[in-house]
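Trainee: Predicted model and sequence below, questions to follow.
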Amino acid sequence: MTLLASTALPITATAAVVLVASLVLTIGWLVLVFR
């Protein structure tokens, strides 16, 4: 269980960072386009 947690946590953190980054980029692009 410890091995699973130590493997899943970095993957989840990386996925969350990628998701937030893509969301910010998308919103920023939309603001630039529709400004």
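Mentor: Arrived safely, thanks for sending.

Trainee: And Trp29, which helix or strand is it part of?
Mentor: Under the criterion of DSSP states H and E, Trp29 resides in helix 2-34.

Trainee: Could you list the buried residues of that helix?
Mentor: Using 16 or more other C-beta atoms under 10 Å as the test for burial, helix 2-34 gives no buried residues. No exception for glycine: its C-beta is placed from N, CA and C like everyone else's.

Trainee: If you average the pLDDT over that helix, what comes out?
Mentor: Mean pLDDT, computed over helix 2-34, is 92.

Trainee: which helices and strands does that helix pack with?
Mentor: Applying 3 or more C-beta pairs under 8 Å, 6 or more residues apart in numbering; DSSP states H and E, we find helix 2-34 packed against no helix or strand.

Trainee: I'd like to know how far Leu30 sits from Ala5.
Mentor: Applying C-beta to C-beta, to the nearest Å, the value for Leu30 to Ala5 is 37 Å.
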